[in-house]
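Visitor: Just the structure for this:
(one chain, ligands or ions: 1)
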Amino acid sequence: MSAAAALPARRPSFRRRLWSVRHARFLETLYAGFERCLIAAAPLMRAIGYDRLERPVAWTERKIKGALFDCQMCGDCVLSSTGMSCPMNCPKGLRNGPCGGVRMDGNCEIRPSMPCVWVKAYEGSRMMRHGERIATRLPPVDHRLKGRSSWLAVVRRASEAETGA
Ligand code: SF4
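Guide: Numbering: from 1, shown residues only. This is a model prediction of the structure:
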């Protein structure tokens, strides 16, 4: 059976994830512009209060990244290092994959109908301007950040680096 024929049997979210990987370069460029806007808005966000913004920004992030990447809101986004394939969708939860169980067809050992998150991550990274980041060792998930906005965390970090506040 061809890969195209197998596609309808997959969950629709797989298709969204595959679209994001196929458009990794476009999404990388889009995010770079978005991040610049976020950081430019840091003084305003600081004035409003990060704590006050947490819920609405996290809600928005969940909606947008959930639709594009099946985002699980880990709170520390690494998509820029993983070819726009969210590693939190790996059934083994690997942040520095792949495991040794990838099937011959490139699918997951645990969920045979699902393309391996890390195979896709590598494919996506080959299209990105900074695809070499996939070789960078990622820190483990910090479960205290679960559900929090990683966008806001980026703004906070940039703001702290600039002003120390
Ligand atoms: S790495 Fe974390 S924040 Fe980024 S898409 Fe995956 S779950 Fe969401």
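
Visitor: Kindly report the residues of this protein close to the ligand.
Guide: Lys65, Phe69, Cys71, Gln72, Met73, Cys74, Cys77, Val78, Leu79, Cys86, Met88, Ser150 (CB under 6 Å from any ligand atom). Where C-beta positions appear, they are placed from N, C-alpha and C, glycine not excepted.

Visitor: pretty sure the fifth one belongs to a helix, no?
Guide: It refers to Met73. No. Counting by DSSP: H, G, I helix; E, B strand; the rest coil, Met73 is not part of a helix but coil.

Visitor: so it touches Arg148, yeah?
Guide: Yes. Using CB atoms under 8 Å, Met73 makes contact with Arg148 at a distance of 7.3 Å.

Visitor: Overlap in contacts, those two.
Guide: Residues touching both Met73 and Arg148 by CB atoms under 8 Å, 6 or more residues apart in numbering: Ala58.

Visitor: Reformat the residues of the chain next to the ligand as TSV; add neighbour count.
Guide: Formatted as TSV, those follow (neighbours: other CB atoms under 10 Å):
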residue	neighbour count
Lys65	19
Phe69	23
Cys71	19
Gln72	17
Met73	17
Cys74	20
Cys77	21
Val78	20
Leu79	22
Cys86	24
Met88	19
Ser150	20
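
Visitor: Pick out the residue closest to the middle of the chain.
Guide: Residue closest to the average C-alpha location in the chain (CA atoms, centre = their mean): Leu79, at 3.3 Å.

Visitor: and Leu44, that's in a helix?
Guide: Yes. Membership of Leu44 in a helix is supported by three-state DSSP.

Visitor: Tell me the spacing between Ser113 and Phe14.
Guide: As judged by CB to CB, to the nearest Å, Ser113 and Phe14 stand 8 Å apart.

Visitor: Neighbour count: those two, which is higher?
Guide: Neighbour comparison, Ser113 and Phe14: the larger count goes to Phe14, with 18 against 11 (by other CB atoms under 10 Å).

Visitor: Please identify which helix or strand holds the more buried one.
Guide: For Phe14, the element it lies in under DSSP states H and E is helix 12-22.

Visitor: got a list of contacts for that helix?
Guide: Applying CB under 8 Å, 6+ apart, the contact partners of helix 12-22 are 7, 27, 67-70, 83-86, 89, 114-115, 120-121, 123-124, 127.

Visitor: what do you get if the cut-off is 7 Å, keeping everything else the same?
Guide: Residues outside helix 12-22 that contact it (CB atoms under 7 Å, 6 or more residues apart in numbering): 7, 27, 67-70, 83-85, 89, 114-115, 120, 123-124.
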